[in-house]
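In: From the sequence below, what's the structure:
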Amino acid sequence: MAGGESVGLSIGLVGGAAAYHGKAFAALLSDYNRTRYEGLGWWAPERRVAGASVTVVWDADIEAARRLAWAAKIPRVAEEPEELLGTVDGVILVDDGSMRHQRHAGIFFHAGLPVFIDKPLAPSFSEARAIAAQASECGAPLMSCSALRFAAELATVRERLADVGEIVSVEGRCRGQMFYYGIHLLEALMAALPGDLELVGHGRRNEIQWAEFEHQRGYPVRLEVSEEWAYLLELTFRGSRGHLTVPFTDAEGFYGNLMEQVVRFVRRREADPLLARTLRQIELLEPTREDELSA
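Out: Down below sits the predicted model:
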């Protein structure tokens, strides 16, 4: 395992070997084989995050794990998650689309390892809060967030918002389901405009799910999502002097920046200072799952 600042950290990937995030994180944290990635039709970033490498991958689908290890040149495929203990500096529990990826966290918490749990941390506020409590009790650093927290597009948003004037309302739209993908919009919104929100209504009309909030500064926020839309991930800020729409399209920026922050988190072994914000996002969005289940 790694030691000093100049030594590369060893990262273990847990689950999600067949998912977009697993392939993306592995590519950003390894000297992956571009030809193999492109041949498989996978996203092949130019960026390589320094300071760490994925050295082992585990997935319940062992063939998916072996395929990812082959393409990303990951040295080892584990047959059980416990095999990572004692061999890595930290682990990434990858979003695999099941919203159950967090179930593997306990064994790593008990070992005191830094654990990054990909979004969403859990499908309910009560479970998310219990996970955070377990990490704290075990003295294991925990981090969980959407990659949009670190989107490159946010770097200039606050400066550009000065031209918008006083915020009157905010709208967000993305492809997907409200709980699973709306968390990206909330993450970006809370990074751009600090402050709490209150859920005031939610529902579904035809293929569009919506949720309305009130920001603590008094203006309304409306989010809309649809699984029928093409890729879309954007926030629109409407103000007294103008409007600003921010599309989030730089995947290499937000995924790469996220992995940089995860490497920093593992090296420092300190809990995510914004974990409470992640918990709040889940608390706000959990009621909208009723609309998904009813559909």
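In: since we're on Met178, how many residues are nearby?
Out: For Met178, the count of nearby residues is 25 (other CB atoms under 10 Å). Placement of C-beta: from N, CA and C, glycine included.
In: try Thr278
Out: 27.
In: wait, isn't it in contact with Ala122?
Out: No - with contact defined as CB atoms under 8 Å, Thr278 does not count as touching Ala122 (9.9 Å).
In: okay, and the common contacts of these two?
Out: When contacts are counted by CB atoms under 8 Å, 6 or more residues apart in numbering, Thr278 and Ala122 are jointly contacted by Ala128.
In: Apart from its neighbours in sequence, what residue is nearest the spatially most distant residue from the centre of the chain?
Out: Distance from the C-alpha centroid of the chain, by CA atoms, centre = their mean, peaks at Arg241 (33.2 Å). Nearest-residue entry for Arg241: Gly165, 3.3 Å, with adjacent residues in sequence omitted and distances by CB to CB, 6 or more residues apart in numbering.
In: How is that neighbour classified with respect to secondary structure?
Out: coil (DSSP: H, G, I helix; E, B strand; the rest coil).
In: residues contacting it?
Out: Contacts of Gly165 by CB under 8 Å, 6+ apart are 239-242.
In: Name the helix or strand for the residue farthest from the centre of the chain, please.
Out: Per DSSP states H and E: Arg241 is located in neither a helix nor a strand.
In: Ramachandran angles for it?
Out: Per-residue torsions, Arg241: phi -120, psi -10 (degrees, to the nearest 10).
In: Can you read off the pLDDT for it?
Out: We note a pLDDT of 97 for Arg241 in this prediction.
In: likewise Arg264?
Out: pLDDT, read off for Arg264, is 98.
In: ok but it is inside a helix, no?
Out: Yes - assessed by three-state DSSP, Arg264 belongs to a helix.
In: count of neighbours near it?
Out: 14.
In: Please report the distance of it from Phe248.
Out: Separation of Arg264 from Phe248 (CB to CB, to the nearest Å): 22 Å.
In: one step back: just the closest of the contacts of Gly165 to Arg160, please.
Out: Nearest to Arg160 among the contacts of Gly165: Gly242, at 9.6 Å, using CB to CB.
In: Touching, the closest one and Ala162? I think so.
Out: No - using CB under 8 Å, Gly242 makes no contact with Ala162, being 10.2 Å away.
In: Tell me which of the two has more neighbours.
Out: Gly242 (12 against 9).
In: Can you tell me how far that one is from Asp95?
Out: Distance from Gly242 to Asp95, by CB to CB: 36 Å.
In: Give me the average confidence score over whichever strand or helix holds Glu224.
Out: Using DSSP H and E, Glu224 sits in strand 220-226. What strand 220-226 shows for mean pLDDT is 98.
In: Send me it as CSV with only the CA atoms.
Out: Extracted in CSV, the C-alpha atoms of strand 220-226 (Å, rounded to 0.1, in the frame of the first residue of the first chain):
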residue,chain,number,x,y,z
PRO,A,220,-38.7,28.7,-6.4
VAL,A,221,-36.7,25.8,-7.9
ARG,A,222,-38.3,23.4,-10.4
LEU,A,223,-36.7,20.2,-11.6
GLU,A,224,-37.9,18.1,-14.5
VAL,A,225,-36.7,14.7,-15.7
SER,A,226,-37.7,12.3,-18.4
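In: State the distance from Val89 to Arg103.
Out: If you look again at residue 89, you'll see it is Asp, not Val. 22 Å.
In: Tell me which of the two has more neighbours.
Out: Neighbours were tallied for Asp89 and for Arg103 using other CB under 10 Å; the higher tally belongs to Asp89 (21 against 13).
In: Next up, the contacts around the more buried one.
Out: Neighbours of Asp89 in contact, by CB under 8 Å, 6+ apart: 1-2, 9-11, 52, 113-114, 266-267.
In: Skipping adjacent residues, who's closest to it in space?
Out: Using CB to CB, 6+ apart, the closest residue to Asp89 is Leu9 (4.4 Å).
In: If you tally nearby residues, what's the number for Glu212?
Out: The burial count for Glu212: 16, using other CB under 10 Å.
In: List the beta-bridge partners for it.
Out: Gly201, Arg222 (DSSP bridges).
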